[in-house]
Every structure is written in C-alpha cells, then in structure tokens.
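Asks: Provided below are the primary sequence and the corresponding predicted coordinates.
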Amino acid sequence: MRRGKLKLPGALLVASAIALLLAAGAAAITIGGSYGPFSVKATFDVTPHELPAKGEAPVTMTSILRVKQKGGTPASLKTVTFQVDKHGSIGRRGVPVCTAAKLAETTPSQARKRCAGSLVGTGEGKANVTLPGQSTVQISSPLSLFNGPLDHGRPTLLAHAYETLPKPQALVVPIVIERVKHGRYGYRAKVQLPPIAEGYGSATLAEVKIGRVFDRHGQRIGYFNASCSGGRLQAHGVLSFSDGTLAPTTLVTPCNVSG
C-alpha cells in the first residue's frame, strides 16, 4: 500500500473517485502529507477487494478527504487532472441521463428527486468560509454524482453541491472522461472547479461513495467496472491551487485476482 497525498473540495472529490474507481484499487488506501501550505489526509476503499484477471467486475468506492491550511489567506483548488489505469470501464449503457439544466437552481433533495435514476454516487462536503469583516464559519452540503450526457462521445458525470454563503445556490460541475493511450494509463479527466462561496471558501472535508450496480437481463452490471492486471492498479493526478501550489500524486495499489 502506498502513502502519498491529495486534496479536493466537493466536486473534485468526484474526479478523485473516478480515478481510483477506474484504476480499481483492491484495499483501503490512506494518503497523508504536505504540499506547501496544505496538510491533507485521504482514505480510499474500493470493493470488492478481489477482481478478475479477465473480464470485469462491478466496483464501489468510499473516499474521505480532510484538508488543513497552515494560516494565511485560504487558497482554493482551481483544477485537477487525473490519468487512470486502463484496466477499467464505465457501464453507462441503459443508465438514465441527467442534464445540467435539470440540476440548475436545485437543492440536494430536489436534484436527487429529478434525476433519481441517474444517481451513481452520494456524499458530503464541508468548507470554511470567511466573508469580509466576519468570523470564519463552516458550511456543509450533500454531494450527488449523476450520469451525464455524452460530450462528443465521451462519458461525463455531473457533480452537484449546494452552498448557503454568501447566498444559497447550486453548484453543478461537469466531469468529462476521455480515453487516452499513455502507457499504464487509459483514461483522463480534467476538471475546472467553481469558487466556493464566491471565492471566500476553502474545502476542509469531502466524503463520497460512488458506484452503482444495475440488474440488466439477469446480470449484475456496475456503473464502474474493473479487472486486476499485474497485481497492481495505478493513477496519477495533478492538483492546481489558486496560490500557484501544484500537488502531483501517483497511487500504486495492489489488487488480488479472484477465483
């Protein structure tokens, strides 16, 4: 098991989730360390822990990320780019599609009701918000991940969160997943994040469980599926913060071949 480090606000937990789901880790991964002014701890657990060498099996991931900043003006995460292991796939065929228009101006409960059939992940995000002339307060929001429409043939997820400061509003972030041919890596996702609380917020916690299993013609089909090849699965990510900090991370996770 490898130790490294990572950080993400609400919607970007999604990109992290995608990376490790497609990379399909086999056991809980705990990451910790410091990048510049940030201290980050993250735990990922992908189940089942045994995966086939040939063919694929549905996988589900639970992830928790905690972020601390060492004083100064809070910096926000601007972008995250992941390359992920090629031994995985997205089983979106037959899954209802949700659109950004359906999620616009919705609360978490309204979003999940409107796109119930498209929901493939849920969780919670927290952030510290310091408005001008006010003390720092913590806000939280349920996180929802929906199967989105194809983007020029590429699968997408829509991440939905809801903030209450400085005014109530929904945050909807599209995440495009594209195929690449880059050695061990076969998928890439780059996400541009919206500011939290109009730029006055910084993420402190994100939790998510992503992955849904569908019964299709008597077979169990996962929204995310994976296999185990060479006893390991791998992902590489680069996070960019508003203060110029870059946080590159490579995760190498062991997996076990089932049966």
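Replies: Received, thanks. Numbers count the residues shown, from 1 in each chain.

Asks: was I right about S258 contacting L51?
Replies: Yes. Counting by CB atoms under 8 Å, L51 is a contact partner of S258 at 6.0 Å. Where you see a C-beta, it was placed from the backbone N, CA and C, and this is true even at glycine.

Asks: for these two, indicate the residue with more neighbours.
Replies: Neighbours were counted for S258 and for L51 using other CB atoms under 10 Å; L51 has more, 26 against 13.

Asks: residue contacts, that one?
Replies: Counting by CB atoms under 8 Å, 6 or more residues apart in numbering, L51 touches 24, 26, 57, 59, 226-228, 255-258.

Asks: one more pass at 6 Å, please.
Replies: 57, 226-228, 255 (CB atoms under 6 Å, 6 or more residues apart in numbering).

Asks: which residue, other than its chain neighbours, is closest to it?
Replies: Using CB to CB, 6 or more residues apart in numbering and skipping residues adjacent in sequence, the residue nearest L51 is C228, 4.1 Å away.

Asks: hmm, back to that, looking at the contacts of L51, which are in helices?
Replies: Judged by DSSP state H, helices contain none of these.

Asks: any chance of CSV for these, columns neighbour count?
Replies: Conversion of the contacts of L51 to CSV gives the following (neighbours: other CB atoms under 10 Å):
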residue, neighbour count
A57, 17
A226, 27
S227, 21
C228, 23
C255, 25
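
Asks: who does L171 bridge with?
Replies: A161 (DSSP bridges).

Asks: what is the burial count for it?
Replies: Under the neighbour criterion other CB under 10 Å, L171 is assigned a count of 20.

Asks: tell me where the stretch 1-150 of the chain has helices.
Replies: Ranges of helices within the stretch 1-150 of the chain are 10-23, 100-103, 108-114, based on DSSP state H, counting those that start in this stretch.

Asks: worst average pLDDT in those helices?
Replies: Lowest mean pLDDT within these: helix 10-23, at a mean of 45.

Asks: export the contacts of L51 as CSV, with columns for pLDDT and distance to T106.
Replies: As requested, the contacts of L51 are exported to CSV (pLDDT from 0 to 100; distance: CB to CB, whole Å):
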residue, pLDDT, distance to T106
A57, 87, 34
A226, 83, 32
S227, 88, 37
C228, 86, 39
C255, 79, 38
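
Asks: take these and keep only those in strands.
Replies: Mapping these onto strands (DSSP state E) picks out 57, 226.

Asks: so where's the stretch 151-259 of the chain uncertain?
Replies: The model of the stretch 151-259 of the chain has pLDDT under 70 over residues 251-252, 259.

Asks: gap between E198 and L171?
Replies: 11 Å (CB to CB, to the nearest Å).

Asks: what's the spacing between P96 and L119?
Replies: Taking CB to CB as the measure, P96 falls 9 Å from L119.

Asks: the two - which one has more neighbours?
Replies: Neighbours were counted for P96 and for L119 using other CB under 10 Å; L119 has more, 20 against 12.

Asks: next up, the contacts around the more buried one.
Replies: Neighbouring residues of L119 by CB under 6 Å, 6+ apart: 112, 146.

Asks: could you do P58 as well?
Replies: P58 makes contact with 213, 222, 225 under the criterion CB under 6 Å, 6+ apart.

Asks: with adjacent residues omitted, what lies nearest to it?
Replies: Going by CB to CB, 6+ apart, P58 has G222 as its nearest residue, at 2.4 Å.

Asks: how about the strands of the stretch 151-259 of the chain, start to end?
Replies: Secondary structure of the stretch 151-259 of the chain (DSSP state E, counting those that start in this stretch): strands located at 156-163, 169-182, 185-192, 201-210, 213-216, 219-222, 224-226, 232-241, 246-254, 256-257.

Asks: could I get those strands as a markdown table with distance to K102?
Replies: As requested, the strands of the stretch 151-259 of the chain are arranged in a markdown table below (distance: least, CB to CB, whole Å):
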| stretch | distance to K102 |
| --- | --- |
| strand 156-163 | 9 |
| strand 169-182 | 9 |
| strand 185-192 | 20 |
| strand 201-210 | 20 |
| strand 213-216 | 20 |
| strand 219-222 | 24 |
| strand 224-226 | 22 |
| strand 232-241 | 29 |
| strand 246-254 | 33 |
| strand 256-257 | 40 |
